[in-house]
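Colleague: Here's my sequence, what's the structure:
(one chain, ligands or ions: 1)
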Amino acid sequence: MAFLLTLGSSTFSYAQKINVKRVDPPSWWTGMHDHNLQLLVYGPRISETHPVIDYPGVQLEQTIHVKSPDYLFLDLIISPGAKPGTMAIHFKKGKKDIVKYAYTLNKREKGPKLHQGFDNSDVIYLLMPDRFANGDTTNDNMPGMLEKADRSNPNGRHGGDIKGIEEHLDYLKDLGITTIWSTPLMEDNMPAYSYHGYAQTDYYKVDPRFGTNRNYRNMVREAHKKGLKVIQDMVFNHCGTNYFWKNDLPTPDWYNPWPKFTRSNYHGGVVSDPHASKYDYHHMVAGWFDSSMADLDQDNPLVANYLIQNSIWWIEYAGLDGIRQDTYPYPYKDFMAKWMQRILLEYPHFNVVGETWFSYPATVAYWLENDRNKDGYHSHLTNVFDFPLMMAINKAFNEKPGWDTGLARLYEVISQDFVYSDPMKLGIFAGNHDSNRIFSSLHEDLKAWKMAMAFLMTTRGIPEIYYGDEIVMTGEKSKGDGNLRKDFPGGWPGDKLDAFTQQGRTPEQNEAFNYMHRLLNWRKTNKAVQFGTLTHYIVENGVYVYFRSYKGQKVMVLLNNNEKPVTVDLSRFAEDLNGFTKGRNVIKGNTIVLGKEMELPGKSAEILELE
Ligand code: CA
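Modeller: Purely as a prediction, here's the structure:
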């Protein structure tokens with residue numbers, strides 16, 4: 001697809017009055033660890049002025065001019081003694097004020113439930129806001145927003161929003177998850193496929209069809225009150241081509257330029273591949289993700305600052321507990337490391353989980369902070385997603401036992417954990433908004449689904465479930481992305497069934513929901529299953545057995561992938577069973593005496609708290 005970039009040409013005609021249309025970040029705080037702040041100032045011919053700031057504790061260190069006459073970049077130093085307040089920025093010609101701009105420096109908010117980070121005690125719930133619940137039908141269509149709501153179009157906007165999330169916080173808390181990860185909520189004012197939010201056109205503004213910045217901030221506060229955490233989805237690799245700067249880029253290299261549209265090769269592995277060609281590397285990181293998604297050049301320090309400050313702004317403004325960063329290997333990796341360091345400087349307990357979509361553990365391990373990468377790369381990234389395990393989960397519970405099939409797939413992936421600096425930092429999941437729904441992968445076999453969920457909640461890592469998996473929603477990638485992202489039944493006024501309630505769920509949905517409910521709420525109470533070391537035993541005859549151990553607490557998990565019941569000889573597990581005589585089944589509630597053998601029902605997961 002051919003397209004044109006108009007680089008460096010001003011949107012504003014020269015007859016237009018000098019003015020300030022926009023300053024990013026839109027506000028800042030006093031008392032940050034890093035005292036530097038770089039403001040992007042945008043407005044017609046603003047570069048013809050010189051800015052002056054007279055505010056105690058704030059120093060304008062440098063004014064940067066770029067190719068476009070409609071921008072200035074202001075490097076400020078905000079000293080520790082600076083007080084919160086409104087700071088006037090005078091844009092002058094000679095001694096005359098041409099524009100006076102009021103910029104707010106806020107007081108940082110303190111509180112135990114802000115910027116908490118997440119860990120192995122958490123379970124993440126991934127939802128797509130457009131598809132989860134429509135709490136406010138008056139915002140489904142908004143002035144100035146190009147795409148209108150059309151619920152009949154699987155790839156269109158359906159009207160879900162922040163209010164819809166907020167109205168179901170109690171549902172989520174009751175289900176037993178601890179952390180909400182919503183796919184992007186920032187403005188995505190593209191003419192089509194805007195519902196997914198990955199072509200953002202304003203990094204500083206919640207899409208009005210989802211709500212306002214304040215709505216988002218309040219939703220986070222409400223979640224915190226209920227003991228839930230919130231992760232924001234960010235996209236640094238690319239922005240939507242309708243970003244405000246689209247016809248007036250600050251610098252010609254704001255986006256990675258190509259003579260004609262050039263797509264990324266999507267082979268993220270070339271970034272860590274010691275044998276990769278420069279050609280492949282360049283096409284990977286500088287190629288565009290899509291014609292509607294412009295590839296930001298994070299090697300440009302102005303772009304880098306813009307993105308870094310944006311994430312700090314949202315963490316501070318909304319009180320975020322974590323970030324999920326999209327397409328992690330696609331931006332320049334040195335920039336990503338710098339970004340992580342900046343976040344951890346400001347928020348030492350914060351977590352960022354990277355979308356590291358690779359088939360092999362070694363490639364994922366490269367991106368999780370470690371001191372083993374041969375090229376010396378330190379990502380400083382606190383968490384990564386375990387895509388290899390996701391792929392194994394989607395096959396393991398469908399297959400007949402074999403040397404390297406069935407549950408052996410799980411064992412094989414986990415046995416490669418030596419490549420990770422800390423496998424407990426892996427986000428583990430059975431599916432997300434880009435992959436088959438787990439229930440569909442398992443041919444809608446409820447027993448297999450229960451096994452998959454039991455495994456996910458008891459093996460090492462931080463589990464994530466995809467909205468609707470708890471009511472066994474279906475979706476197949478081969479039928480298009482919209483099929484993976486169906487509306488949660490009951491989320492829209494007038495929905496025939498309301499699966500948020502017991503009465504609105506089918507018997508099968510209730511069986512699934514109740515299973516997840518029990519599993520998740522038990523998981524919250526058990527330190528061994530959260531933080532315990534893992535010992536697993538090779539899969540024999542389609543049975544996979546493992547233990548989680550933590551300070552004398554122990555959990556035993558037995559997965560039988562055979563259709564028929566199996567009797568397991570327990571003597572093989574003596575080193576873990578040593579001293580334990582009973583096990584309480586956390587799903588069924590009964591306690592069994594541990595003898596020489598144990599009978600496992602066909603297609604079952606037994607989770608025992610050992611006593
Ligand atoms: Ca709505």
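
Colleague: which residue ranges form the helices in the stretch 251-400 of the chain?
Modeller: 278-286, 301-318, 333-346, 361-367, 387-396 (DSSP state H, counting those that start in this stretch).

Colleague: Would you convert those helices into a markdown table that also reports mean neighbour count, mean pLDDT and distance to residue 455?
Modeller: From N, CA and C alone the C-beta is placed, and that goes for glycine too. A markdown table is the format used below for the helices of the stretch 251-400 of the chain (neighbours: other C-beta atoms under 10 Å; pLDDT from 0 to 100; distance: least, C-beta to C-beta, whole Å):
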| stretch | mean neighbour count | mean pLDDT | distance to residue 455 |
| --- | --- | --- | --- |
| helix 278-286 | 16 | 97 | 33 |
| helix 301-318 | 20 | 98 | 33 |
| helix 333-346 | 18 | 98 | 30 |
| helix 361-367 | 22 | 98 | 17 |
| helix 387-396 | 22 | 98 | 7 |
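
Colleague: right, and the ones you listed - which one's nearest the ion?
Modeller: Closest of the helices of the stretch 251-400 of the chain to the ion is helix 301-318, at 19.7 Å (criterion: C-beta to the ion).

Colleague: distance between that closest one and the chain's centre?
Modeller: When distances are taken as C-alpha atoms, centre = their mean, to the nearest Å, helix 301-318 is centred 16 Å away from the chain's centroid.

Colleague: For the chain, what lies in contact range of the ion?
Modeller: When proximity is defined by C-beta under 5 Å from the ion, the chain lies next to the ion at 134, 136, 139-140, 159, 161.

Colleague: Pipe these into a markdown table and attach neighbour count per row.
Modeller: Shown next, in a markdown table, are those (neighbours: other C-beta atoms under 10 Å):
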| residue | neighbour count |
| --- | --- |
| 134 | 26 |
| 136 | 19 |
| 139 | 21 |
| 140 | 19 |
| 159 | 26 |
| 161 | 29 |
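
Colleague: mind showing which ranges of the stretch 1-150 of the chain have poor pLDDT?
Modeller: Scanning the stretch 1-150 of the chain for pLDDT under 70 picks out 1-11, 13-14.

Colleague: 50 - rerun?
Modeller: The model of the stretch 1-150 of the chain has pLDDT under 50 over residues 1-8.

Colleague: just the strands in it please.
Modeller: Here the stretch 1-150 of the chain has its strands, by DSSP state E, counting those that start in this stretch, at 22-24, 28-29, 36-42, 50-53, 58-64, 71-78, 85-93, 96-106, 124-127.

Colleague: Name every strand pairing with the last one and say which way it goes.
Modeller: If you go by DSSP bridges, strand 124-127 pairs up with strand 179-182 (parallel), strand 462-466 (parallel).

Colleague: hang on, the earlier thing: now the strands of the stretch 1-150 of the chain in a markdown table, with mean neighbour count?
Modeller: Formatted as a markdown table, the strands of the stretch 1-150 of the chain follow (neighbours: other C-beta under 10 Å):
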| stretch | mean neighbour count |
| --- | --- |
| strand 22-24 | 16 |
| strand 28-29 | 21 |
| strand 36-42 | 21 |
| strand 50-53 | 16 |
| strand 58-64 | 15 |
| strand 71-78 | 20 |
| strand 85-93 | 16 |
| strand 96-106 | 15 |
| strand 124-127 | 24 |
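
Colleague: Spatially nearest residue to the residue of the stretch 451-600 of the chain found nearest the ion, not counting backbone neighbours?
Modeller: The stretch 451-600 of the chain approaches the ion most closely through residue 492 (9.0 Å), counting by C-beta to the ion. Among residues not flanking residue 492 along the chain, residue 134 sits closest, at 4.9 Å (C-beta to C-beta, 6 or more residues apart in numbering).

Colleague: All set, thanks.
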